[in-house]
Structure formats: structure tokens, C-alpha cells
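Novice: give the three-dimensional model of this entry:
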Amino acid sequence: MEPTTSSVHDVDGDDGTELTAAQRLAVIDAQEQATQRQLEPDPLLMLGPWGVAWLLGFGLLFLRFGPDGRTFVDLPDWLPLATLFTGLVLAATITAVLGYRSYHGIEGPSSLQGAMYGWSWFLGFGALMPIVARMGNQLPADEEGLLWGAAAVALTGVLYMAGGAVWRDRWMFALGAWIATTNVIGAMAGPGWHSLIVAVAGGGGLLLAGVTTTVVMRRRRAR
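Specialist: Prediction:
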């Protein structure tokens, strides 16, 4: 009887002929790569929506509520926050859906991790918004914008660091730490400055990280 190993499964060709050991290994390797691609969502799709939301939302906040109460563009008071809120909800929803779809149909701990992490984004922002809205009503418009922005960015940074810890992804953890640090610097600088710092360093950094990581990933897969 021909010896077998636990790493080589009985895989037959489409025409019913039995494959050689090398062909079986090639099929298994292809299947593993396909599974890995499924478990790794496109980083640009994961990071891009946040980068766009922050560039637009915080950019408008800076233009309307600049440093020392300066107004660079006379926009309606509600427009910057409405833009930021809409962008954050869309970005959180996209992240949650991508996290769920990546692990949907896959059994085991990885599936549970992906589902729980995806729901953490959706539920985390769902819980944050009404709390900040309640507290923000007691503040001047510029301070309300700072509260909304700082709270949302802080939660985003924590969730990225948590994701890095779950999957042992140093780059994801580092990105979360960068976001958290940027947020603290901006919040300490005050209204207007926070919006500018987060829009450029935060939103721009997320877009750059998404593009760079996607290019690296696609080159690795093409090898």
C-alpha cells in the first residue's frame, strides 16, 4: 500500500483521474491561498472610508470652526458635524460588513473573532453617538465639534489596536497607536487645531496606509 501523510488529502482531478502527490500539494496550496485571500479584506476598503470621512468631516470643521474662533469658510453650523457623523456611520458600517464577510461561513475561533470584531465597530459607534450628542448640547459649537471628533477618533484608535492584538498584527496595532497619539495632540491643541491635525495626519495617514498596504499585499499574492 502506498504511504500517505496527514498533509496530503485524496484529491482527484475534474476528469476523475487520481492526481500525483505533487499535484495534490499544489491544489492544497492553492486552496490555502484562496482562504487566506478571503480572510484578508482589501486594506484600502477597510481604511479608505475612514480616511475620506476624516478628510471631509474634519476638514469642514476646520474651515468653519478654525483656531481661536476663526472662520475660513462661512458654512452652516450643522454642516461639518453632519458630514462627519454621516461619514463615520458609513465607515463603521463598511468595516463591520467587511469583517463579517471575511469570516462568514468559516468555522472555528477565527470566525467568532471576525464576527465579534465587526460588531464591535458597529455597536461601539452606536453606543458612542447618543452619549456624545447628550453631552455636546451643553457646550459651545466649537467645543461640541471637538468633543465629537475626539471621542470618535479615540474609539477608532482603540478598535484598531484591539484588532491588532486579536490577530497579532503589529502594523494594525501601530496604526491604532498613531491614531490615538494624533488625537491626543489635536485635543490638547484645542478646537480648530484638532480638526486640522486629524484631517491631515489622521485621514491622510489612513488613506496612505490603505494604498501602501494594498499594493504590498497584491505584490505578495502575485509571487
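Novice: what sits against Gly124?
Specialist: Each residue near Gly124 by C-beta atoms under 8 Å, 6 or more residues apart in numbering is listed here: 92, 155, 159. Just so you know, the C-beta spots here come from the backbone N, C-alpha and C atoms, and that holds for glycine as well.
Novice: report the secondary structure element holding it.
Specialist: Gly124 is located in helix 109-136, with elements delineated by DSSP states H and E.
Novice: and Gly163, how far is that from Ala133?
Specialist: Between Gly163 and Ala133 the computed distance is 26 Å (C-beta to C-beta, to the nearest Å).
Novice: higher neighbour count, those two?
Specialist: More crowded of Gly163 and Ala133, by other C-beta atoms under 10 Å: Gly163, with 21 against 14.
Novice: okay, now the unreliable bits of this structure?
Specialist: Per-residue confidence for the chain (pLDDT under 70) gives these ranges: 1-19, 21-41, 99-110, 221, 223.
Novice: hmm, 50 instead?
Specialist: Per-residue confidence of the chain (counting by pLDDT under 50) places the weak regions at 1-11, 34-36, 39.
Novice: how far is the helix holding Gly124 from where the chain is centred?
Specialist: Here helix 109-136 is found 13 Å from its chain centre; the criterion is C-alpha atoms, centre = their mean, to the nearest Å.
Novice: and if you look at stretch 170-188?
Specialist: In terms of C-alpha atoms, centre = their mean, the centre of stretch 170-188 is set 13 Å apart from its chain centre.
Novice: ditto for stretch 75-82
Specialist: With C-alpha atoms, centre = their mean as the basis, the distance from the averaged C-alpha position of stretch 75-82 to the chain average is 25 Å.
Novice: in that stretch, what counts as buried?
Specialist: If you call a residue buried by 16 or more other C-beta atoms under 10 Å, then stretch 75-82 has these buried ones: 80-81.
Novice: now swap in stretch 167-174 and tell me
Specialist: Neighbour-count burial for stretch 167-174 flags 172-173 (criterion: 16+ other C-beta under 10 Å).
Novice: and for stretch 172-183?
Specialist: Going by 16+ other C-beta under 10 Å, stretch 172-183 has these buried residues: 172-173, 175-176, 178-180, 182-183.
Novice: repeat for stretch 139-149
Specialist: By neighbour count on 16+ other C-beta under 10 Å, the buried set for stretch 139-149 is 141-142, 144-149.
Novice: for stretch 79-86, which outside residues touch it?
Specialist: Contacts of stretch 79-86 with the rest of the structure, by C-beta under 8 Å, 6+ apart, involve 53, 56-58, 60-61, 63-65, 129, 144-145, 148-149, 152.
Novice: what sits against Leu55?
Specialist: So Leu55 contacts 199, 203-204, 207 (C-beta under 8 Å, 6+ apart).
Novice: how about the helices in the chain?
Specialist: With helices called from DSSP state H, the chain shows them at 21-39, 43-64, 78-103, 109-136, 141-167, 170-189, 193-197, 204-222.
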